[in-house]
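K.L.:
just a sequence and a predicted model for now, questions to come.
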Protein chains: 2
Amino acid sequence: MAASILSERDIEFMLYELFDAENMTLRERYSDHSRETMNAALTTARAVAEKYFVPIRQKVDTHQPTFDGEKVHMVPEIKAAVDAVIDSGLAAGAADYELGGMQLPSIVADTVTVYLTAAGSSTMGYTTLTNANANLIEAHGTAEQIERWVEPLRSGRFAGTMAMTEPGAGSSLADLTTSARKAEDGSYRITGNKIFISGGDHDLNENIVHLVLARIKGAPAGVKGISLFIVPKFLVNSDGSMGERNEVSLAGLFHKMGGRGHTSTALNFGENEGAIGYLVGEENEGLRYMFHMMNEARIMVGHSAAALALTGYQYSLAYARERPQGRLPSAKGAGSSPVNIIQHPDVRRMLLAQKAYSEGAFALCLLGSQLMDDTRTGESEELRLRADTLLDFLTPVIKSWPSEYGPRANSLAIQVMGGHGYINEHPVEMFYRDNRLNPIHEGTYGIQSLDLLARKVPMNGMAGYRVFVSEVEKTLEEASFQPELKDYAVELELAVASLTDTTNQLLHAMEHEPIDLVLSNSVKYLEFFGNVVVAWIWLRQGIVAARALADDPHEADRDFYRGKLQALRYFFRFELPETEAWAKLLVNLDSTSFDMQESWF
Amino acid sequence: MAASILSERDIEFMLYELFDAENMTLRERYSDHSRETMNAALTTARAVAEKYFVPIRQKVDTHQPTFDGEKVHMVPEIKAAVDAVIDSGLAAGAADYELGGMQLPSIVADTVTVYLTAAGSSTMGYTTLTNANANLIEAHGTAEQIERWVEPLRSGRFAGTMAMTEPGAGSSLADLTTSARKAEDGSYRITGNKIFISGGDHDLNENIVHLVLARIKGAPAGVKGISLFIVPKFLVNSDGSMGERNEVSLAGLFHKMGGRGHTSTALNFGENEGAIGYLVGEENEGLRYMFHMMNEARIMVGHSAAALALTGYQYSLAYARERPQGRLPSAKGAGSSPVNIIQHPDVRRMLLAQKAYSEGAFALCLLGSQLMDDTRTGESEELRLRADTLLDFLTPVIKSWPSEYGPRANSLAIQVMGGHGYINEHPVEMFYRDNRLNPIHEGTYGIQSLDLLARKVPMNGMAGYRVFVSEVEKTLEEASFQPELKDYAVELELAVASLTDTTNQLLHAMEHEPIDLVLSNSVKYLEFFGNVVVAWIWLRQGIVAARALADDPHEADRDFYRGKLQALRYFFRFELPETEAWAKLLVNLDSTSFDMQESWF
């Protein structure tokens, strides 16, 4: 059975029909690029994915890294795959030429990452994290720090991590206790323990650059006293050669349900004198810098969740096309031959739901990538600001919606395949396990919902919300010219009106009712909001498809666009209507969870 | 952290307050029993679960059985645990005294199984399957077959399997090709391949008794030509001593995402002369007999899914009570200490949802067990018939609802614990993997939905549906005496009216519209139906709680009953309202999945 990693046709649709990535090449930063060079990057990604990632994914999953007390051991194929990404130039696709990057627009570089993540999310984790680490130092480090750390990170000599979480302070960074003491030479001595540090120790690279949050002695309590430090595994001499081992030691590995090839570590910093660390930017500003990285990381979590959903969909689709079993109710008892299971309406429902979830999530994340491009290289200050506002506003949704619906898609991929989906002869059960991390890391689903409702929505007089609604209005206007989209436009308009009404009532309640009560249903608000955003994204896809169909395309394209319209229909018939119940719950300020007492459990 | 496997208080509530299991002791079959003897069985179950099951569950999960080409190897602790269940007399709790059973009512015997399954579903799988196998032979075998096979199955000398699935015929038994040829001595020679046979080979017992579906040469095509055979791994001599190895060989093991200690095998029958098999009952009646077992097995799948949901809830609850992290929004910035996470309303929501799902599922399954008791030992023919009708009708829901909501509960248990829920230091990620099998085996979710809508609902002039509605009406009547339940009663009444309306419209459509279209949304019907059934079950629990609260109970009980009412409220506020959207979809005969074309994917 030959299943595609991703649908080539859908990538073409997303990049060039929905988001007009070609337009990016008009911008100075991307002027060397063309549709051909962007496609070349994707072709390379596919080749690397097929040659280095797919063949090893099962082995990587079933042979987790081990720690013998001194070193971490992992299957050597991981290094070959990581190196292949670096050697092909794909590791830092969006980075500057002078730092070894390909200077691709984010929307293309992120699609490259989606390709590789779909083919091996564990293995790709090392690369994406290293990239995020380099981006942060590049944005906030000194010229000397950029030269010393970013170059080898981009070239693949060094790997990077982000070391935030502590045993006693997971999501609550205000309580972190890792400490930093200034030394005479201006560097710091770092002491503390961190857990769940992905890629925290391995021998894939010469060195590992940890970005560590710590509290300088005497700093204020809470989030205002947190600084950010570069703490390398090996010190680097002034000539760039490798120096002594720093005081960073591996305390142990965690064994995760999924993403099993990507080490998750407990690290001890400074068991004797303190690990040597270098302050990034200003003292006590660490959290702000980390959030620079975190916001990008949240978008990438969305992409990851979408990638796993997309590839699980492709796999179960290929299976359903080839697997004969059973008969339609109308043919029962007629002595007919079994049909391929894709003929069963309920299997079609499960495939259509996967299509709606995964392509909806992918389009949402690519919107995030496009907004990132526009924030950085938009033609006007106005465009850049508007993009920045919208991206900041939508980040909790871009992180959360794919993380919630991606695993649902993967569960349906299993279900389509029945018992065959539950065994490791096929990768869909692995996708399901891998994807389950996404609603947890980089801020849980609950934290995203609080970020949305308590911060992003009210921020700057609802500026983000307003930009979002005006974008939806543009889409509704465009949809009004397509007769077959009219009903959907009406439904989306009603849903947005309900969302706005609900939002206003909640903001009003925040000022007049106990805040803990008002926020107690924030997750339902995020679900409501997310489904409206994705309905909008689907309507945008529908407009492109309806227009293309009006031009009488050739048969394969006609089928493709019909599929887009059908997935849109699925979303509007099966998913969007549930939000009415959630709106009611929210508007009523339902106090079920708030009223629940610990002693009643 | 000490987490209970199950809540003792909740078991007491279910057995003695909600279902009045004590009343069973008035029936002749159970006249030796009392609340004390029933509790003794549960206490024993708990002791065995704590001593033999919980300590090994992680090891069993991480050391899957292996096959060296000759033998299956598994961690020896599994045998100790299986033997402990047998030695304690719990293996066949509901079976007759004379066959080595404890002659417990099903409702108690099934609760024993839930206890052991919650503590180790993989390990318990061997026992429950053996039991189901013995039940079938006992019901349909000859006296000689019962003596030869059932006794050693009950005593734990032999294990049992059910061998239905084939590589080319999974859910579609009509297409099975395993053949049987009658030999001169009246026995048969069986030839064919079976897959996904749980417990298909191991050395836990002296012998393995396979119940094999096969087609006798010349039998009609389809489901009407299937017969059932006893095919032992080792032949048994007429004196009961072990004879030669039969032609049943292990082709390989499957590696599952969960339930990893329970071997899933590919078996070859009759690679030379044919495996020797013994016909059970009449020729070509095999499927009917197998469905006897299957219906019980489906109830037990519900129990299993509920067990994993219940224990995941208990575990995440214990964690949430002890884990300090973060502050309430109202206390932010106040320099306060972190609170235990159970204080966060969203964590309470996730715990409350787990409570609503898991205790709703458990009560639903115990209703099934009670109906099984009433079918067999009810005081009057009328009661027996009514119970049989209702049980047959509800079986697809009892199988499916816990299988759908159980994994959701387990996902929430992971989410409550964040990163700690995703690693194998804690068992919740295992529960999540284990539970994902339940919507697949013994008839997938989709198949259950077709069974419900196309068979069980219209059957005998909607006899089952009518009994169900009359039971709900009794509950509504009782609820009307409890002021605080009035709103819920109204909402349930409306939901049942909507369900009945939807049902009538669908049955009408089945006669006037293409059947494949009408059935294309059967899963949504099952979801709608399931949530109404569970809302009813929750209202029944609420009535018990409200009555008990009126009696001014002591504090711990007051808290417990308040918790029941709050979970009821959760279900009616968060879950039941979504069914309105599904009703609309069904009544509109939505054709989204039906219209979707293969070429559009």
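P.N.:
Looks like it came in fine.
K.L.:
tell me which parts of the stretch 51-200 of chain A are close to chain B?
P.N.:
A:165, A:168-172, A:175, A:195-196 (CB under 8 Å from any CB of the partner chain). Any C-beta I mention is one placed from the backbone N, CA and C, and that applies to glycine too.
K.L.:
do the same with the stretch 251-400 of chain A
P.N.:
A:254-258, A:264, A:317, A:321, A:324-330, A:333, A:335, A:338, A:342-349, A:351-352, A:355.
K.L.:
and A:M459, how many neighbours?
P.N.:
Residues near A:M459, counting by other CB atoms under 10 Å in any protein chain shown, number 14.
K.L.:
before we move on, what about A:A305?
P.N.:
A:A305 has 35 nearby residues by other CB under 10 Å.
K.L.:
touching, it and A:N438? I think so.
P.N.:
Yes: with contact defined as CB atoms under 8 Å, A:A305 counts as touching A:N438 (4.2 Å).
K.L.:
identify the contacts common to those two.
P.N.:
A:402-403, A:406-407 (CB atoms under 8 Å, 6 or more residues apart in numbering or on different chains).
K.L.:
among the residues of the stretch 251-400 of chain A next to chain B, name the ones in strands.
P.N.:
A:254, A:264 (DSSP state E).
K.L.:
out of the residues of the stretch 251-400 of chain A next to chain B, which end up buried?
P.N.:
For these, a burial check counting by 16 or more other CB atoms under 10 Å in any protein chain shown picks out A:254-258, A:264, A:317, A:321, A:325-329, A:338, A:342-349, A:351-352, A:355.
K.L.:
any idea which residue of the stretch 1-150 of chain A lies closest to chain B?
P.N.:
Residue of the stretch 1-150 of chain A nearest chain B, by CB to the nearest CB: A:T62 (8.1 Å).
K.L.:
could you list every residue that touches that residue?
P.N.:
Counted by CB under 8 Å, 6+ apart, A:T62 has contacts A:260, A:424.
K.L.:
for the one 3 residues further on, same thing?
P.N.:
Shown in contact with A:P65 (CB under 8 Å, 6+ apart): A:72-74, A:202, A:253, A:261, A:263.
K.L.:
now for the closest residue to A:V75 other than its chain neighbours, how many residues are close by?
P.N.:
Leaving aside its sequence neighbours, A:V75 sits nearest to A:H63 (CB to CB, 6 or more residues apart in numbering or on different chains; 5.0 Å). A count of neighbours around A:H63, defined by other CB under 10 Å, yields 16.
K.L.:
which is the next helix or strand following the helix or strand harbouring A:D487?
P.N.:
A:D487 belongs to helix A:486-512 when assigned by DSSP states H and E. Where DSSP H and E defines the elements, the next helix or strand beyond helix A:486-512 is helix A:515-518.
K.L.:
what's next to that next one, contact-wise?
P.N.:
A:506, A:509-510, A:589, A:591, A:594, B:328-330, B:345.
K.L.:
now, the shared contacts of A:A305 and A:N438 that are in helices?
P.N.:
Within those, residues falling in helices by DSSP state H are A:402-403, A:406-407.
K.L.:
what two of the residues you listed are the furthest from one another?
P.N.:
A:P402 and A:P407 (9.4 Å; CB to CB).
K.L.:
any residues in contact with both of those two?
P.N.:
A:305, A:309, A:438.
K.L.:
between those residues, which sits nearest chain B?
P.N.:
A:N438 (10.4 Å).
K.L.:
list the contacts for the closest one?
P.N.:
A:301, A:304-305, A:402-403, A:406-407.
K.L.:
would you agree A:L390 is in contact with A:E471?
P.N.:
Yes: counting by CB under 8 Å, A:L390 does reach A:E471; the two are 7.0 Å apart.
K.L.:
neighbour count for those two, which is higher?
P.N.:
A:L390 (23 against 17).
K.L.:
that one is in what secondary structure piece?
P.N.:
Applying DSSP H and E, one finds A:L390 within helix A:381-417.
K.L.:
with A:G261 instead?
P.N.:
Assigned by DSSP H and E, A:G261 belongs to no helix or strand.
K.L.:
that one and chain B: what is the separation?
P.N.:
Distance check for A:G261 against chain B: by CB to the nearest CB, to the nearest Å, it reads 15 Å.
K.L.:
which residue packs closest to that residue, ignoring adjacent ones?
P.N.:
A:S122 (3.2 Å).
K.L.:
for A:L173, same thing?
P.N.:
A:L173 sits nearest to A:V223 (CB to CB, 6+ apart), 6.0 Å away.
K.L.:
likewise for A:G243?
P.N.:
A:L235 is the one closest to A:G243 (CB to CB, 6+ apart), at 3.7 Å.
K.L.:
who touches the helix or strand harbouring that neighbour?
P.N.:
Taking DSSP H and E as the definition, one finds A:L235 inside strand A:234-236. Strand A:234-236 is contacted from outside by A:148, A:206-207, A:242-246, A:276, using CB under 8 Å, 6+ apart.
K.L.:
list only buried entries from the residues you listed.
P.N.:
A:148, A:207, A:246, A:276.
K.L.:
does the second one touch A:R157 like I think?
P.N.:
Translated: A:N207. Yes: applying CB under 8 Å as the test, A:N207 and A:R157 come out as touching, 7.1 Å apart.
K.L.:
counting by contacts, list what the one helix or strand A:K194 maps to packs against.
P.N.:
Assigned by DSSP H and E, A:K194 belongs to strand A:188-198. On a contact count with 3 or more CB pairs under 8 Å, 6 or more residues apart in numbering or on different chains; DSSP states H and E, strand A:188-198 meets strand A:158-163, strand A:179-182, strand A:207-216, strand A:227-232, strand A:248-254, strand A:264-269, strand A:275-279.
K.L.:
try 7 Å this time
P.N.:
Applying 3 or more CB pairs under 7 Å, 6 or more residues apart in numbering or on different chains; DSSP states H and E, one finds that strand A:188-198 makes contact with strand A:158-163, strand A:179-182, strand A:207-216, strand A:227-232, strand A:264-269, strand A:275-279.
K.L.:
which residues sit against it?
P.N.:
Applying CB atoms under 7 Å, 6 or more residues apart in numbering or on different chains, the contact partners of strand A:188-198 are A:125, A:129, A:161, A:163, A:165-167, A:177-183, A:212, A:214, A:229, A:231, A:254, A:262-270, A:273-277, A:279, B:419.
K.L.:
in the stretch 301-450 of chain A, what residue is nearest chain B?
P.N.:
A:P345 (3.4 Å).
K.L.:
quick check: which element contains the most centrally placed residue in chain A?
P.N.:
With distances taken as CA atoms, centre = their mean, A:V301 lies nearest the centre of chain A, 1.9 Å away. With secondary structure defined by DSSP H and E, A:V301 is part of helix A:286-322.
K.L.:
that helix - contacts with which helices or strands?
P.N.:
On a contact count with 3+ CB pairs under 7 Å, 6+ apart, helix A:286-322 meets helix A:106-119, helix A:121-140, strand A:227-232, helix A:345-377, helix A:381-417, helix A:428-435.
K.L.:
do I have it right that A:L371 meets A:T389?
P.N.:
No: counting by CB atoms under 7 Å, A:L371 does not reach A:T389; the two are 9.3 Å apart.
K.L.:
so which of the two has more stuff around it?
P.N.:
A:L371 (25 against 20).
K.L.:
nearest residue to the more buried one in space, please, no chain neighbours.
P.N.:
A:L371 sits nearest to A:L391 (CB to CB, 6+ apart), 3.8 Å away.
K.L.:
okay, now that neighbour: neighbour count?
P.N.:
23.
K.L.:
residues touching it, list them.
P.N.:
A:L391 neighbours (CB under 7 Å, 6+ apart): A:368, A:371-372, A:375.
K.L.:
from A:T111, how far off is it?
P.N.:
17 Å (CB to CB, to the nearest Å).
K.L.:
likewise for A:F234?
P.N.:
Distance from A:F234 to A:T111, by CB to CB: 34 Å.
K.L.:
more neighbours, these two?
P.N.:
Using other CB under 10 Å, the more surrounded residue of A:F234 and A:T111 is A:T111, with 27 against 16.
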